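> Let's see this in three dimensions:
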Amino acid sequence: MRCIQDIGQDEGIFDSYVDLLEPTFERQQVLLQSKHFLCRCQRCLDPTECGRYISSFRCPSCPSGWVSPIISYNEKDNVLGRLWRCLDCKQEQNDMIIAILKDIDALKQFLLKKSWSENTAEYMESAKQFEKTLSLLHNNHVLRLQYHLGMTNCLDTMENFKEAIVHCMAVKRIVKAILRVQSGERVECYELMADLYEKFFLQQLGSRMPDAGVDGAASPAPVDKDESVSISTNRAIRDNLEHSNRYLQKALDTSKVCYGEDDENTLLIKDQIKKLTVPAKSATGSN
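Next comes the predicted model:
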């Protein structure tokens, strides 16, 4: 077992039996069924999960409230209950909230199918019907995480690496917002970002298209000067390679904390960095 953050004197040491990217209700169900107890940590007792809001959606009755789950436990029947309530206006499950919950459940069922692996074009088209529902969810909602991950995989398959990177950035942001500590999930996010940037680099290296960068890598080049276009394009292509290296380095640093210097995961990332480190001039030309 490894420690992923400093531990103060007399401070408790914690481990988890469940997936911490899941909401409280789902985590508690797993604990109740498999470990026969309910967790009473601060995150589990707080309807917002200590400001994470990974189950919350906009209140239809007030402008700024978030509807979140109030979880209860019936010891006699050994079952969990869940009441949805706005934490601002205190509105509980009315017809509007129930209607939103039905739409959220439809989105959940769609995402669980992971149909992007079967037909990417159909997945992209089907996802459009859930745009309104997605707009109601908190930015850290677990279904937003699953949606962006599905879109990342779908766009990666379609070789639309530029858009895949945008969705992968959203995945990385939500994982960081939920977990808040170094984790294996962060290592995976950084590795995926590095892989997409490398693919985008190779794609742009082959086509030499202007405006190759993501993350504001390069400004649009003047179209009436071929030499300026070439210089700008090469710079943007090199930036994508540098982004890939940067995320691999983040993956390596995080892997060292989570798994250790000599762990297989850490060593594999080290090898990837060696293979990806290509001199900029030899990769993109002398401009």
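
> ok, residue 146 - contacts?
Counting by CB atoms under 8 Å, 6 or more residues apart in numbering, residue 146 makes contact with residue 111. The C-beta positions use only the backbone N, C-alpha and C, and glycine is treated the same way.

> Confirm that it sits in a helix.
Yes - judged by DSSP: H, G, I helix; E, B strand; the rest coil, residue 146 forms part of a helix.

> Low-confidence ranges, this protein, go.
Applying pLDDT under 70 to the chain flags the ranges 208-232, 277-287.

> Which residues are in contact with the residue nearest the centre of it?
For the chain, the residue nearest the mean C-alpha position is residue 171 (1.7 Å; CA atoms, centre = their mean). Counting by CB under 8 Å, 6+ apart, residue 171 makes contact with 145, 148-149, 152, 189, 192.

> can you list those in a markdown table and add distance to residue 32?
Shown next, in a markdown table, are those (distance: CB to CB, whole Å):
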| residue | distance to residue 32 |
| --- | --- |
| 145 | 24 |
| 148 | 30 |
| 149 | 27 |
| 152 | 33 |
| 189 | 30 |
| 192 | 33 |
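
> just the helices in the stretch 151-287 of the chain please.
Secondary structure of the stretch 151-287 of the chain (DSSP state H, counting those that start in this stretch): helices at 161-179, 184-207, 226-258, 264-276, 280-284.

> Three-state assignment for residue 21, please.
coil.

> So it versus residue 72, what's the distance?
23 Å (CB to CB, to the nearest Å).

> higher neighbour count, those two?
Legend: neighbour count by other CB atoms under 10 Å for residue 21 and residue 72, higher for residue 21 (17 against 10).

> Now residue 66. Its backbone dihedrals?
With angles defined as degrees, to the nearest 10, residue 66 sits at phi -120, psi 130.
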